[in-house]
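Peer 1: Turn this into a model:
(chains A, B, C and D)
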Number of protein chains: 2
Amino acid sequence: MKNADLYRLVWMSRPLMQATEACVEAGLRETELTVRMRAVLEILREHGDLTVPDLAQRLEIKRQYVQVMVNETLTSGFTEQRANPRHKRSPLVALTARGRDVIEEIISREMALLDRISAGLDPEEIATALKVVLAVTDKMKQAAGDGK
Amino acid sequence: MKNADLYRLVWMSRPLMQATEACVEAGLRETELTVRMRAVLEILREHGDLTVPDLAQRLEIKRQYVQVMVNETLTSGFTEQRANPRHKRSPLVALTARGRDVIEEIISREMALLDRISAGLDPEEIATALKVVLAVTDKMKQAAGDGK
DNA sequence: TCATATTTGACATTATACTTGTCGTTTTGA
DNA sequence: TCAAAACGACAAGTATAATGTCAAATATGA
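Peer 2: Below you'll find the predicted structure:
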């Protein structure tokens, strides 16, 4: 088969995703976080305070469901609402001190796992893999878009 | 960040999977196939006749759900049951002529898409990407397994 | 061979991760 | 200013599974 490697590569996306999610989930045991709450905290940590619709855009998930995710983080005290100067009805969602501690701790443990995983791997090859995956994903999105 | 590329690579698995699935889905328009029926036909095409439990193992999905998928392909006439010399209760699932035609046609169109996608890419780099993704997936699975 | 454990198809229930639709209010922008 | 869009809240629906159970068939091992 001509594009056997590419074929295998794209079909590895699911196993890789599932394995990754399993690791994330395992890292969340013993904490009060769920995977979807973690996703919210992670973005807030990286991008600072955001509104729910902004979070939805970054997560590429519908705002109605992101609202649910965010509400869980609010209820659990990992985030809080702050006045949004740009929109009275749509407050900014911000990490609380506790939320920040928790997500930092989790991310740092995840980074330690990445250290162990990257141990036997050539950084150059990882960079190449990322480049290829980005390019393929981009072209796939285009192709899927055309088809519709 | 130390493992920034690896971090981005593993988190690209979801977008890549979604884009891939969107392409597969787009390729299934105008046919009577669903994505999950396609998955069954693809494996039968590659490995020949199999029982439902064998299919489940290859798909890494519980047999009860694979049974549903297979029953759909049976109902639609893409597969048929054949006597299984090794097990009277568990017949082999086999492609019908029509099923074979359909899956061959779809796969060949998918291959054409892969041709277009691989056009701008270096085969060596694709091979590297596959190697890295396989290694990372493997280590992730191990790590997730340990955690449990 | 016989008893017990496992496998299998069939069916039912539950779970997860979303999307879609709608409402009333607020905000925005021409 | 006023129509269109954005927003939070809530309800319902959908897709893709996992899980549980049963009865019949099969495999295993004493």
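Peer 1: Helices of chain A, residue ranges please.
Peer 2: With helices called from DSSP state H, chain A shows them at A:4-11, A:13-28, A:35-47, A:52-59, A:63-75, A:97-118, A:123-147.
Peer 1: for chain A, what helix or strand is lowest in average pLDDT?
Peer 2: Using mean pLDDT, DSSP states H and E, the weakest-scoring helix or strand in chain A turns out to be helix A:123-147, at a mean of 93.
Peer 1: elements contacting it?
Peer 2: Under the contact criterion of 3 or more Cβ pairs under 8 Å, 6 or more residues apart in numbering or on different chains; DSSP states H and E, the helices and strands touching helix A:123-147 comprise helix A:4-11, helix B:4-11, helix B:13-28, helix B:97-118, helix B:123-147. In this view, the C-beta of every residue, glycine as well, is placed from N, C-alpha and C.
Peer 1: is DNA strand C contacted by that helix?
Peer 2: No - using Cβ under 7 Å from any atom of the strand, helix A:123-147 stays clear of DNA strand C, coming no nearer than 14.3 Å.
Peer 1: quick one: buried residues of that helix?
Peer 2: For helix A:123-147, a neighbour-count test (16 or more other Cβ atoms under 10 Å in any protein chain shown) marks A:125-133, A:135-137, A:139-141, A:143-144 as buried.
Peer 1: anything in that helix near DNA strand D?
Peer 2: No - Helix A:123-147 stays out of contact with DNA strand D when judged by Cβ under 7 Å from any atom of the strand, the minimum separation being 14.2 Å.
Peer 1: what's in contact with that helix?
Peer 2: Defining contact as Cβ atoms under 8 Å, 6 or more residues apart in numbering or on different chains, one finds that helix A:123-147 is touched by A:6, A:9-10, A:118, B:5-6, B:8-9, B:12, B:15-16, B:19-20, B:22-23, B:25-27, B:29, B:113, B:116-117, B:120-121, B:125-126, B:128-129, B:131-133.
Peer 1: Show the buried residues in the residues you listed.
Peer 2: Buried members of the contacts of helix A:123-147, scored by 16+ other Cβ under 10 Å, are A:6, A:9-10, A:118, B:5-6, B:8-9, B:12, B:15-16, B:19-20, B:22-23, B:26-27, B:113, B:117, B:121, B:125-126, B:128-129, B:131-133.
Peer 1: quick revisit: hey, what's the angle from the least confident helix or strand of chain A to helix B:97-118? Just curious.
Peer 2: On the basis of axes from the mean of the first three to the mean of the last three Cα atoms, to 10 degrees, helix A:123-147 is oriented at 120 degrees to helix B:97-118.
Peer 1: Would you mind naming what in chain A lies close to DNA strand C?
Peer 2: Applying Cβ under 7 Å from any atom of the strand, we find that chain A lies next to DNA strand C at A:34-36, A:61-62, A:64-65, A:86-90.
Peer 1: least trustworthy position among those residues, going by pLDDT?
Peer 2: Ranked by pLDDT, the residues of chain A next to DNA strand C bottom out at residue A:88, which has 76.
Peer 1: Pull the contacting residues for the most centrally placed residue in chain A.
Peer 2: Nearest residue to the geometric centre of chain A (Cα atoms, centre = their mean): residue A:39, 5.0 Å. Shown in contact with residue A:39 (Cβ under 8 Å, 6+ apart): A:59, A:69.
Peer 1: One more pass at 10 Å, please.
Peer 2: Taking Cβ atoms under 10 Å, 6 or more residues apart in numbering or on different chains as the criterion, residue A:39 is in contact with A:24, A:33, A:55, A:58-59, A:61, A:66, A:69, A:73.
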